[in-house]
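Trainee: following is a predicted model, sequence given first.
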Amino acid sequence: MDLLLDGLIVLVGGGVVALLLSRTPLANLVGAISAAIGSAIVLVPAVHVVLQGVTPAEFSAAWNVPYGSFTLLLDPLSAWFVIPIAGLSSIAAVYGFSYMAHFAGHKSLGTPWFFYNLLVASMVVVVTARNGVLFLVAWECMALTSYFLVVFEDEKDSVREAGRVYLIASHLGTAFLLVFFVLLGREAGSLEFSRIADWLDSSDGFSPGMSSLLFLLALIGFGTKAGFMPLHVWLPEAHPAAPSHVSAVMSGVMIKTGIYGIVRTLTVLGTSQEWWGWLLIGVGVTSGIGGIVFSLAQHDLKRLLAYCSVENVGIIALGLGVGVLGIHGDAPAAAMLGFSGALLHVLNHAVFKGLLFLGAGAVIHETGTGTLDAQGGLLKRMPWTGATFLVGAVAISGLPPLNGFISEFLMYLGAFEEDSLLTTSGAVTALAAIGSLALIGGLAAACFTKAFGIVFLGEPRTDASRDAHAPGWGMRIPMVLLAGCCFGIALQARPIAQRLTPIISAFLPEATLKEPKVLDAAFVSLHSISVACVMVIVLGIALAVARKALLHRREIGSSTTWGCGYAAPTARMQYTSSSFAQPVTQFFAPVLRTIRRFSPPQGPFPKSANLHSETPDISMKFLFRPMYRLVDRLLSMLGWIQHGQVHLYVLYLAATMVVLLVWYLGVAV
């Protein structure tokens, strides 16, 4: 625990120093170095715990807060989440040094680094806290620091609106978590996680009704942060607004704190109920398919990636649902495979989504825009960015030989195992999971074919993309590292998956854990997949070397691409982002409800024609905005309370204290 605390001290201390140096050129350097080093220090004990399976001693310090204690513990489950948090935050900090240098001279850089370091520290505390009050304080700190990072460019109206939506959504989720912890503490008599566990062991635990209520509160509260549909509305607003290295951290690891909360809730509540698994699979299907369908309809690169985060947390929810159903269906292999696939996807998504957001940031940094139809031909101008973005695109599509395929493969195995062992209703649910995973994979491949093709292939559509050049090595090296991790995790699939067994043991019945060979077949398959991946990579390298050797002494010419009979083809004749995705988006038109504004060509010699499409988020349009307007009207009815007279406000406070005192005395009696 000493290294974990040292890393937190470096993060917080470095952030404070960067804040004090806000108006100097050193702020960017100090902030980036402290974030990178502090995160790397935190990473070391987390990796040690996962590799050795040994939990270090609990750290506890005096904290004079009612029902609270400053207690931290790095058990295997916490360590598994700390690894992507610390790893990606460290790499993104290196990238952020070069990315933020663009703003030097006209914006303070110490302030965003202060909030970045606090964000990383608060995420680490969230997943290691062993007290409910400490957890909520760290959770709120995480929400506020990320809000200030989202509104970094607050001179833009769209950024301020994105920050407002994010802040409201975050606190709605926190409200449900506050009720969750109040009820949890009332039932168990303590907010110390260790005492709650002892209470569960020494009593009958929670009643079925109370455990179900607590699970629903946790699912809504944590699901808001994770981005489950329809609670996802802040993601497509906040991610495009934030600096790209911040978007990478928020999408890659911050939303995973919501997943951590759900998984930890399963351990805290003890025995789960079967319908929880059905609900998790339902949430996963909705979020997975809905997220990727809305992603296909987007015109902005970072907004497209934000909706893909919704898709991937849906995939993780599917895996958790498969695991819960496996427990109740007497299918230990299905339970272990489902949970293993979900937790492995937590790590995988952090890697390839972080890579994709850093790639998007490089594109925006060099072209000045994230609009897809303003790009084109960037692979020739930014080959490193294009190559690494392609690696991330293949990985997020769940295709071999990269890491995204491995975690989804485990979930497939778990769902197939359930399909053969469960009852009819359970088998139908398992088949729904299998079909949804297949559909999500196909749509993801179409989505990222569009994203990569429109941005990096073809001809430049604007002067900005025509004049773009490769970013510096400070931005390239982090992308190369993450691309290497996409290959490395796939090649080490078996040993990594084996490390998950002690982690998932925290929320599996002992009867399941007594089946030591339930994962042997899966591990053998993973080993075969890793060997096949190596062979594919070696074959690709061999073909590249052979091609270079065959062309070594030949003259290589170039000519224009055939223009289908047009004498003077232009970039306007290429696919746009809308036209490429039109066959898919048209099929899902009843869900997307895309708004189209079409000015058709007129006359035999038309001078102009125009088609503009926009796909608003249906959850925001039909659920949250009407809700916001209703709350606004209700609150405006209370405007008469505000008189601007201080003595009346003092009277309000006094009356409130009297009411609370009477209530307390009544409860005590």
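Mentor: Cool, got the structure.

Trainee: list the contacts for Ala432?
Mentor: By Cβ atoms under 8 Å, 6 or more residues apart in numbering, the contact set of Ala432 is Ile281, Val285. Placement of C-beta: from N, CA and C, glycine included.

Trainee: after the helix or strand where it lies, next one along is what?
Mentor: According to DSSP states H and E, Ala432 maps onto helix 424-456. Per DSSP H and E, helix 424-456 leads on to helix 463-466 as the next helix or strand towards the C-terminus.

Trainee: next SSE after that next one?
Mentor: For helix 463-466, the following helix or strand on the C-terminal side (DSSP H and E) is helix 473-491.

Trainee: quick check: next helix or strand after that next one?
Mentor: helix 493-499.

Trainee: longest helix in this protein, by residue count?
Mentor: The residue-count maximum for a helix in the chain (DSSP state H) belongs to helix 332-367.

Trainee: just how off-centre is it within its chain?
Mentor: Centre-to-centre, helix 332-367 and its host chain are 8 Å apart (Cα atoms, centre = their mean, to the nearest Å).

Trainee: tilt between it and helix 424-456?
Mentor: Here helix 332-367 runs at an angle of 20 degrees relative to helix 424-456 (axes from the mean of the first three to the mean of the last three Cα atoms, to 10 degrees).

Trainee: let's number from 46 now, not from 1
Mentor: Noted, 46 is the first residue going forward, which turns the last one into helix 377-412.

Trainee: state the mean pLDDT of helix 377-412.
Mentor: Averaging pLDDT along helix 377-412 yields 91.

Trainee: what packs against the helix or strand following that helix?
Mentor: Where DSSP H and E defines the elements, the next helix or strand beyond helix 377-412 is helix 423-426. Counting contacts by 3 or more Cβ pairs under 8 Å, 6 or more residues apart in numbering; DSSP states H and E, helix 423-426 packs against helix 377-412, helix 428-441, helix 469-501.

Trainee: tabulate those helices (a markdown table), appending distance to Leu363.
Mentor: Below are these laid out as a markdown table (distance: least, Cβ to Cβ, whole Å):
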| stretch | distance to Leu363 |
| --- | --- |
| helix 377-412 | 8 |
| helix 428-441 | 16 |
| helix 469-501 | 5 |
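
Trainee: that older thread, for the helix holding Ala477, the averaged confidence score.
Mentor: 87.

Trainee: show the contacting residues for Phe633.
Mentor: Val338.

Trainee: distance of it from Arg348?
Mentor: Here the criterion is Cβ to Cβ, to the nearest Å. By it, Phe633 lies 17 Å from Arg348.

Trainee: try Thr310
Mentor: Counting by Cβ to Cβ, the separation of Thr310 from Arg348 is 30 Å.

Trainee: what's the pLDDT at the most centrally placed residue in the chain?
Mentor: Geometric centre of the chain, nearest residue: Ser296, 3.5 Å, by Cα atoms, centre = their mean. Confidence at Ser296, expressed as pLDDT, is 91.

Trainee: for the stretch 196-345 of the chain, what spans make up the helices?
Mentor: Per DSSP state H, counting those that start in this stretch, the stretch 196-345 of the chain carries helices over the ranges 202-233, 238-247, 253-271, 280-286, 289-294, 301-313, 319-341.

Trainee: the fifth one - contacts with which helices or strands?
Mentor: Packed against helix 289-294, as judged by 3+ Cβ pairs under 8 Å, 6+ apart, are the following elements: helix 121-145, helix 155-173, helix 177-195, helix 346-373, helix 377-412.

Trainee: can I get those helices in CSV with mean neighbour count?
Mentor: CSV is the format used below for those (neighbours: other Cβ atoms under 10 Å):
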stretch, mean neighbour count
helix 121-145, 26
helix 155-173, 26
helix 177-195, 21
helix 346-373, 28
helix 377-412, 28
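
Trainee: TSV for the ones you listed, including distance to Leu71?
Mentor: Below are the helices and strands packed on helix 289-294 laid out as TSV (distance: least, Cβ to Cβ, whole Å):
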stretch	distance to Leu71
helix 121-145	12
helix 155-173	9
helix 177-195	20
helix 346-373	29
helix 377-412	22
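
Trainee: out of the ones you listed, flag the one nearest Gly480.
Mentor: In terms of Cβ to Cβ, the element of those nearest to Gly480 is helix 346-373, at 10.9 Å.

Trainee: just the angle between the closest one and helix 319-341, please?
Mentor: 160 degrees.

Trainee: which elements pack onto helix 346-373?
Mentor: helix 280-286, helix 289-294, helix 301-313, helix 319-341, helix 377-412, helix 448-466, helix 469-501.

Trainee: any idea how far the helix holding Ala477 is from the middle of the chain?
Mentor: How far helix 469-501 lies from its chain's middle: 18 Å, per Cα atoms, centre = their mean.

Trainee: returning to what we had before: the residue nearest to the centre of the chain contacts Ala351, correct?
Mentor: Yes - counting by Cβ atoms under 8 Å, Ala351 is a contact partner of Ser296 at 6.7 Å.

Trainee: pull up the overlap in contacts between these two.
Mentor: Leu280, His284.

Trainee: do I have it right that Ala146 meets Asn73?
Mentor: Yes - if you go by Cβ under 8 Å, Ala146 and Asn73 touch, sitting 6.2 Å apart.

Trainee: quick check on these two: which one has the bigger neighbour count.
Mentor: More crowded of Ala146 and Asn73, by other Cβ atoms under 10 Å: Asn73, with 23 against 16.

Trainee: spatially, what comes nearest to that one if we skip its sequence neighbours?
Mentor: Leaving aside its sequence neighbours, Asn73 sits nearest to Leu154 (Cβ to Cβ, 6 or more residues apart in numbering; 4.4 Å).

Trainee: pLDDT value on the one you found, please?
Mentor: pLDDT for Leu154: 89.

Trainee: what do you get for Arg670?
Mentor: Predicted confidence (pLDDT) for Arg670: 83.

Trainee: next: Ile78.
Mentor: Note on Ile78: pLDDT of 94.

Trainee: that one and Gly406, how far apart?
Mentor: Ile78 is 20 Å from Gly406, by Cβ to Cβ.

Trainee: cool, Ala72 as well?
Mentor: Applying Cβ to Cβ to Ala72 and Gly406 gives a distance of 20 Å.

Trainee: who's in contact with the residue nearest to Asn73?
Mentor: Residues counted as contacts of Leu154 (Cβ under 8 Å, 6+ apart) are Ala63, Ser67, Ala72, Asn73, Gly76, Met145, Phe148.

Trainee: what's the PyMOL syntax to select whichever of these are buried?
Mentor: Buried subset of those, written as a PyMOL selection, criterion 16 or more other Cβ atoms under 10 Å:
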select buried, resi 63+67+72+73+76+145
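
Trainee: how about the contacts of Leu154 in TSV, adding distance to Gly498?
Mentor: Compiled in TSV, those are given as follows (distance: Cβ to Cβ, whole Å):
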residue	distance to Gly498
Ala63	40
Ser67	42
Ala72	39
Asn73	35
Gly76	36
Met145	30
Phe148	31
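
Trainee: is it true that Thr116 lies in a strand?
Mentor: Yes - assigned with DSSP: H, G, I helix; E, B strand; the rest coil, Thr116 falls within a strand.

Trainee: residues touching Trp323, list them.
Mentor: Going by Cβ under 8 Å, 6+ apart, Trp323 touches Gly366, Leu370, Thr474.

Trainee: what's the answer for Phe226, then?
Mentor: The contact partners of Phe226, by Cβ under 8 Å, 6+ apart, come to Gly177, Val178, Phe180, Leu181, Leu236.

Trainee: out of those, which comes closest to Ala124?
Mentor: Closest to Ala124, out of all of the contacts of Phe226 and judged by Cβ to Cβ, is Phe180, at 16.8 Å.

Trainee: what about that closest one, distance to Pro275?
Mentor: From Phe180 to Pro275 the distance is 25 Å (Cβ to Cβ).
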